[in-house]
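In: Dropping a prediction and its sequence here:
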Amino acid sequence: MSLDYRRYLDETALPLMWCPGCGDGTILKALLEAFASLGLERERVVVVTGIGCWGKADDYIRTNAIHGTHGRALAVATGVKAYRPDLTVVALMGDGDCATIGGNHFIHAARRNIGITAVVSNNLNYGMTGGQFSGTTPAGSKTSTSPYGHAEDGFDLCRLADAAGANFVARTTAYHYRQMVRLIKEALLEPGFAMVEVASPCPTYYGRLNRQGSAREMWRSLKDRARSVGEEGGEARTGVAPGQRPDEEPRSKPADVIVTGVLVRRTRPDFAARYSDVCRRAMKEGGGEAQLDAR
Amino acid sequence: MQGNEAVLEGALAAGARFYAGYPITPSSEIAELASRRLPALGGVFIQMEDEIGSMAALVGASLAGAKAFTATSGPGFSLMQENIGLAVMLETPCVVIDVMRSGPSTGLATKPAQADVMQARWGTHGDHPAVALVPASVSECFWLTVAAFNLAERMRTPVFVLSDEILGHMRERAELPDADEVEVWERPRPSGDPEGYHPYRPGPDGVPPLASFGGPYVFHATSSMHDERGVSANDAATAGATIARLEAKVENLRHLLPSPEVVRSGPWSEVSGGDRSGGRVGAGKRSRGPARVLLVAFGSSARSARQVMLDHTDMDLTLFRPRTLWPFPEDELRALVHDHDVVVVVEMNRGQLVREVERVVGGGRPVVSAAKSDGEIITPGEIWDSLVEPVSGGISREPGLSPLP
Amino acid sequence: MPASRWEAVLAGEGGQGLVVGGVILGEAAVEEGLQAVQSQWVLGSAARGSLSRSEVVVSAGEIAFPRVLRARALIALSPEALKRHLGLLAPGTLVIVDSDRVPEPADLDPGMDVRSLPILREAESLGLGRSVNVLALGVLVGLTGVVRPGSVRTVLARRFGDKAGPNLRAFRAGMELAAGSSSPPSSSGQARP
């Protein structure tokens, strides 16, 4: 393993603020290692985060960064990428940021197919604010705001991204480090919208409230439940959320199987390509000159 | 040319090359024209999923180096407030055009109001500066939009242009300059060693130089309280100094804000010399009976107030018309108050600006509110009626004329 | 209002182009060195079929208040366009209505100068249905003389370029329709500002 990733790491900000047993530190390292293995220049990378545990990741990253508002990381990133399509733009969001308060930006970024790499840490609850349920929390789960069991189903983020039209959709877990690096690298190379969902443990809240054992047991469970696309139990094209299979009734326990790997690959033209066509047509039609009524 | 068109022309003349917005009456002409013009200029037009995302995209684009703007109306302005705060905190230049319409909520979508006076000042949470310019003509829609970009860049803060449905959809003659006649200001840029660049280390006037993403200066911007490096910091000293500096940088550059217009009319103006240049006018001698009235009005209401002066040239009337609503031009108003008997504040809302005027006048003179909030333009006759009570000297009421329903 | 202030409303259904008709009138006034302000309002979500109006204020001096309070002339090409604007009329106001679409308004103040003319029919018969706004403008200019016909023609030529032909024909047809209209007892809608 190369140590190159350290040039993207702000070591002065260490130690990491995340709880022991959290997956976010591992995801951070995988992201930086993906940067390193692609040889990205720090100057040409913009990391945009929202609010939440994983939204604090920018504190440790030495590329350009914007730590924005809750749920708006993709909208801020859209502004950066639309104006500077030549830069590598990465949005780091948790399930609260991406699937809940920012759900609208998420589906529209995927539909627009704008070249942002979204790395979503899905730990099935809001860690930063004390373990309340989010848009991916499975039905029946106990959280700080569902003490009698959650009355709603959670989103399958990968299916959502697929339905909205993302070019690249993949899932892995915090345990599967090498797969995670590989998938993030692929996502960074995708010209259109790319999303990597990482199933990540929250032993402090979700795991404790739902009796999933120690942090060690939660990590082991991620390992045991993961099925790469193509393996037995992992054949579904878009896979299922860490919380639930598509064909089963709402249930109180995380799914038996987490389908991992690349779930969607498309070649739809990205926003920048389409928009540059618009610019060419506009220039041809002379739209830059005043065509105003009633001067 | 229409007011909304002039806004767009002003934005382009000021160098705007990024628009993110969401359609809303009565501002949509600005988006439509932006979508027609920007692509051919190499700029970006993007219609976002909502106004929250629009404002967020402005912040991203501006930090990537764009002069960025959006246009909206009250309901959209409300949605933008979250990331207007982001722009304030990240010290991101950008311009928001609010073509005001009647509320609350959906309200009267095609009808005018000036009820976003306080939303513009205090709409986003926390202590923060606000800069809002208020045009009163199609020509000013152009020039104050240019000024808004210049100020946003110079001060590193969001700047609002508060237009309204009347101005936005009104056409009148507006002589626009050639592009090279427009003075355009750029944001302060860093120089020197990129390793030593601190995106929040203030310059002499409190404004830190701003790099653009993709250049040699790598930087970090955070909505959390931060130090000069843009790194999160929670201590009280940093927080207090940062919050104070955000306001101080605008105060330090107050002299750059468009000055109010002062117009005098009536017999008294001949004594004191009418001055339409906007400068301070010397005190005149009181020559006759009726009270000397200081009309305070902005935007399209100021046109109604001005019409009162044109219709009643026998009265001593002064119009104080802010071109900058926030920060309010209090010294300029205070300088006029002492040689007037009564101050009348004309606005299309339930009385928002009048509170600020009362604060500035400080009890030295009666302050009367001529406010109207029903989706219709305030008429010269209605303003005149509001003068009858406070003004001695026997003014008779005019039969009330009403504008079109 | 100062005597020099001249106000008019051009109203009808969306799609008839009366908003643009008002714009052209305003531009023609500016062409002559006058001041002009035009405002528009469209009721309903579509520009077609709903009530649409253009307000025009013309003056030799400064125009502060931008809207119409006392119309010197009204064009109404639909029943709704007349009904909605009765409150702006005063004795002597020139009221131009389409004779096929707008029934003779019985309750109208007898002091009004009402001209009921087949504006829409005339436009159709000349194959100028899309220029009905300019034809109506021709009637207005013919009856009031608020601007010189040449100024309108200059604006039409500038706005429409190669395609100005039908609009110039429509404008002339409107002027002729005005000339053939019976002379009123009073002519308060007239007079240049």
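Out: Looks like it arrived, so ask away. Quick caveat: nothing in here was measured; it's all calculated off a predicted structure. Numbering: from 1, shown residues only, chains lettered A, B, ... in the order given.
In: Name the helix or strand for the closest residue to B:Gly53 other than its chain neighbours, please.
Out: Spatial nearest neighbour of B:Gly53, excluding adjacent residues (CB to CB, 6 or more residues apart in numbering or on different chains): A:Ala75 at 3.7 Å. (C-beta placed from N, C-alpha, C; glycine too.) Using DSSP states H and E, A:Ala75 falls within helix A:73-83.
In: Domains in chain B, by residue range?
Out: Taking automatic domain parsing as the criterion, chain B consists of the domains B:1-257, B:259-388.
In: Can you flag the weakest of those domains by average pLDDT?
Out: Here those differ in mean pLDDT, and the lowest is domain B:259-388 at a mean of 85.
In: So it, near chain C or not?
Out: Yes - using CB under 8 Å from any CB of the partner chain, domain B:259-388 comes into contact with chain C via B:300, B:303-304, B:306-307, B:309-311, B:377, B:379-381.
In: Spit out the contact partners of residue 133.
Out: Picked chain A for this. A:125-126, A:141, A:143-146, A:150, A:152 (CB atoms under 8 Å, 6 or more residues apart in numbering or on different chains).
In: please go with chain C instead
Out: By CB under 8 Å, 6+ apart, the neighbours of C:Asn133 are C:10, C:16-18, C:20-21, C:24.
In: Show me the shaky parts of chain A.
Out: Counting by pLDDT under 70, the ranges of chain A that qualify are A:1-3, A:230-255, A:287-295.
In: so is the residue nearest the centre of it in a helix, a strand, or just coil?
Out: Centroid check for chain A by CA atoms, centre = their mean gives A:Val120 as the closest residue, at 2.0 Å. Secondary structure, DSSP: H, G, I helix; E, B strand; the rest coil: A:Val120 is strand.
In: I'd say it and A:Thr100 touch.
Out: No - between A:Val120 and A:Thr100 there is no contact under CB atoms under 8 Å: 11.4 Å.
In: Now do the same contact list for residue 220.
Out: Went with chain A since none was named. A:Arg220 neighbours (CB under 8 Å, 6+ apart): none.
In: could you do chain B instead?
Out: A:58, A:64-67, B:199, B:229-231.
In: okay, now the closest residue to chain A within the stretch 101-250 of chain B: neighbour count?
Out: Scanning the stretch 101-250 of chain B for the residue nearest chain A gives B:Thr222, at 3.8 Å (criterion: CB to the nearest CB). Residues contacting B:Thr222 under the criterion other CB atoms under 10 Å in any protein chain shown number 23.
In: does any bit of the helix or strand where A:His108 lies sit next to chain B?
Out: Per DSSP H and E: A:His108 is located in helix A:103-112. Yes - judged by CB under 8 Å from any CB, helix A:103-112 and chain B are in contact via A:104-105, A:108.
In: Going by contacts, tell me the helices and strands next to that helix.
Out: helix A:73-83, strand A:116-122, helix A:157-164, helix B:51-63 (3 or more CB pairs under 8 Å, 6 or more residues apart in numbering or on different chains; DSSP states H and E).
In: What is the third one packed up against?
Out: Yep, that's helix A:157-164 we're talking about. Looks like helix A:157-164 contacts helix A:103-112, strand A:168-173, strand A:194-199, strand A:258-265 (3+ CB pairs under 8 Å, 6+ apart).
In: Could you say which of the ones you listed is packed most deeply?
Out: strand A:194-199 (a mean of 30; mean count of other CB atoms under 10 Å in any protein chain shown).
In: Partner strands of that strand and their direction?
Out: Strand partners for strand A:194-199, identified by DSSP bridges, are recorded as strand A:116-122 (parallel), strand A:168-173 (parallel).
In: Redo those as CSV? Include distance to A:Leu32.
Out: Below are the strands paired with strand A:194-199 laid out as CSV (distance: least, CB to CB, whole Å):
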stretch, distance to A:Leu32
strand A:116-122, 11
strand A:168-173, 16
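In: and of those strands, who's closest to B:Ala335?
Out: Set against B:Ala335 and scored by CB to CB, the strands paired with strand A:194-199 come closest in strand A:116-122, at 52.8 Å.
In: picking that back up, if you go by neighbour count, which of the contacts of B:His220 are buried?
Out: A:58, A:64-67, B:199, B:230-231 (16 or more other CB atoms under 10 Å in any protein chain shown).
In: Kindly indicate which of these lies nearest chain C.
Out: For these, the nearest to chain C is A:Ile66 (38.0 Å; CB to the nearest CB).
In: That closest one and B:Phe219 touch, don't they?
Out: No - using CB under 8 Å, A:Ile66 is not in contact with B:Phe219; the gap is 9.5 Å.
In: hang on, the earlier thing: give me whichever of the domains of chain B is most buried.
Out: domain B:1-257 (a mean of 22).
In: Let me know whether the helix or strand containing B:Val7 sits next to chain C.
Out: Using DSSP H and E, B:Val7 sits in helix B:3-13. No - using CB under 8 Å from any CB, helix B:3-13 stays clear of chain C, with a minimum separation of 9.9 Å.
In: Does that helix reach chain A?
Out: Yes - Helix B:3-13 lies in contact with chain A when judged by CB under 8 Å from any CB; the contacting residues are B:5, B:9.
In: Against which helices or strands is that helix packed?
Out: Looks like helix B:3-13 contacts helix B:28-37, strand B:68-72, strand B:94-102, helix B:138-155, strand B:158-164, helix B:165-168 (3+ CB pairs under 8 Å, 6+ apart).
In: What strands flank the helix or strand following that helix, and is each parallel or antiparallel?
Out: Scanning forward in sequence from helix B:3-13 by DSSP H and E, the next helix or strand is strand B:18-21. When pairing is defined by DSSP bridges, strand B:18-21 lines up against strand B:44-47 (parallel), strand B:68-72 (parallel).
In: Outside of strand B:18-21 itself, list whatever touches it.
Out: A:78-79, A:82-83, B:11, B:30-31, B:34-35, B:38, B:43-48, B:51, B:53-55, B:57-58, B:61-62, B:66-72.
In: Give me the distance between it and the centre of its chain.
Out: Strand B:18-21 has its C-alpha centroid displaced from the chain centroid by 19 Å (CA atoms, centre = their mean, to the nearest Å).
In: Between its first and last residues, what's the separation in stretch A:134-147?
Out: 14 Å (CA to CA, to the nearest Å).
In: So for that stretch, what gets flagged as buried?
Out: So, applying 16+ other CB under 10 Å, buried residues of stretch A:134-147: A:134-143, A:146.
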